[in-house]
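**Student:** return atomic coordinates for the entry below.
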Amino acid sequence: MNHETKFQSRSRLSLHRALLSLSLTGAAAFSTLSPGVADAAPPAQQQSQVPGYYRMRVGAFEVTALYDGFIPIDLKMYKGASAKDMDKLYERMFLPNPALGAVNAFLVHTGEQLILVDTGTATAFGPTLGAIPGNLRASGYDPAQVDLVLLTHLHPDHARGLLTPEGQPLFPNAVVRAAQEDADYWLDEKRANEAPEAARPMFQMAREAVAPYVAAGRFKPFKPGEVLATGVSVAPAPGHTPGHSGYLFTSKEQSLLVWGDIVHNVALQFPRPEIAVEFDVDSPKAIATRKRLFAEAAKSKHWIAGAHLPFPGLGHVRAEGKGYTWVPAQFGPVQSTP
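**Tutor:** Presented below is the predicted three-dimensional model:
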């Protein structure tokens, strides 16, 4: 190695050492003088979820599930099995007691009409509910665009969302429809006055929910066999209330049954359809309807939308042993129209 090469080698080594020394000195100085990075408090935990809507297609129909919130329901509200058996079913699904029962509604864009099935609770049951107006807007639609509201029944967690917090119609351009039998039951003032005191608010909230639509001539109960819209048929499902109704949407050989309150508890009622909830008007009839619709859904394999199934409340029913199981929809991109 000649003198120049040795000199260059020593120079490079000296330079490397100097740069290393400088970097170490800088790092030490940075950690000493700028504690913000090393010692900063961690960011606050975030408590909110994404907006409560989920979208899928059934044939050419666009279906958007809308989350209203949740209602805690204690196991004591169910009957038809021992407390021990129900505890085991909860343990199997890792559920606490009370479990949080979802409240869902479903918006169907048929290409001709925007149809909303059920409306949620508005302000009827406190701050854990009433999210449908916000989630509807977050999903890309406005309440004024809804053409038709179909109520599965007139309980306040399905009908009270017809109103704004100020008591005005939330859906100013929509026609509201429910089974005549359900309307006759819940809007009957004589029956309301004769009802047990604890039940009277249910009648009052039903009357209040539809009152502005009645006044505007836009509440129109339907009778059996009546056509509601293209691709939509009524699926009678009595028991939970006298006129409790499902709605079957059919497009391009695909179908979705929006079945309202056939199931209140995913852990109990699929494996044990004979378990009923205390606020059924006619529990034996509700149980018979549930068993019938479970069998039909498992055989037909059509989509199900449930008002109180875990959000988004969309999926299929599969027969399993002596009972059934719920197979929820998988999150993913919205399918293109077939």
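**Student:** burial count for Ala44?
**Tutor:** A count of nearby residues for Ala44, using other CB atoms under 10 Å, gives 6. C-beta coordinates here come from the backbone N, C-alpha and C atoms, glycine included.
**Student:** and if you look at the one 4 residues further on?
**Tutor:** Residue neighbour count, defined by other CB under 10 Å, stands at 5 for Ser48.
**Student:** and Leu293, by the same measure?
**Tutor:** Counted with other CB under 10 Å, Leu293 comes out at 20.
**Student:** list the contacts for the nearest residue to it once chain neighbours are set aside?
**Tutor:** Leaving aside its chain neighbours, Leu293 sits nearest to Ile262 (5.6 Å; criterion: CB to CB, 6 or more residues apart in numbering). For Ile262, the contacting residues are Ala237, His240, Gly246, Thr289, Arg290, Leu293, Gly306, by CB atoms under 8 Å, 6 or more residues apart in numbering.
**Student:** quick check: longest strand in the chain by residues?
**Tutor:** If you go by DSSP state E, the chain has its longest strand at strand 61-73.
**Student:** what's that one packed up against?
**Tutor:** strand 53-58, strand 99-109, helix 132-138, strand 245-251 (3 or more CB pairs under 8 Å, 6 or more residues apart in numbering; DSSP states H and E).
**Student:** let me have these in CSV, extended by distance to Trp326, mean neighbour count and mean pLDDT.
**Tutor:** Below are the helices and strands packed on strand 61-73 laid out as CSV (distance: least, CB to CB, whole Å; neighbours: other CB atoms under 10 Å; pLDDT from 0 to 100):
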stretch, distance to Trp326, mean neighbour count, mean pLDDT
strand 53-58, 16, 20, 98
strand 99-109, 12, 22, 97
helix 132-138, 22, 20, 98
strand 245-251, 16, 22, 98
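**Student:** among the ones you listed, which is nearest Ala124?
**Tutor:** For Ala124, the closest of the helices and strands packed on strand 61-73 is strand 99-109, at 10.4 Å, according to CB to CB.
**Student:** parallel or antiparallel, list what pairs with the closest one.
**Tutor:** The pairing partners recorded for strand 99-109 under DSSP bridges are strand 61-73 (antiparallel), strand 114-117 (antiparallel).
**Student:** ok, which of those comes nearest Ser251?
**Tutor:** strand 61-73 (4.6 Å).
**Student:** now that closest one: buried residues?
**Tutor:** Buried residues in strand 61-73, counted by 16 or more other CB atoms under 10 Å: Phe61, Glu62, Val63, Thr64, Ala65, Leu66, Tyr67, Asp68, Gly69, Phe70, Ile71, Ile73.
**Student:** ditto for stretch 283-290
**Tutor:** Applying 16+ other CB under 10 Å to stretch 283-290 flags Ser283, Lys285, Ala286, Ile287, Thr289, Arg290 as buried.
**Student:** surely the first one and Gly239 touch.
**Tutor:** The one in question is Ser283. Yes - the pair Ser283 / Gly239 is scored as a contact, 7.2 Å apart, by CB atoms under 8 Å.
**Student:** overlap in contacts of these two?
**Tutor:** Counting by CB under 8 Å, 6+ apart, nothing touches both Ser283 and Gly239.
**Student:** so this protein: which segments form each domain?
**Tutor:** Per automatic domain parsing, the structural domains of the chain span 3-32, 53-328.
**Student:** weakest of those by average pLDDT?
**Tutor:** Among the domains of the chain, domain 3-32 carries the lowest mean pLDDT, a mean of 46.
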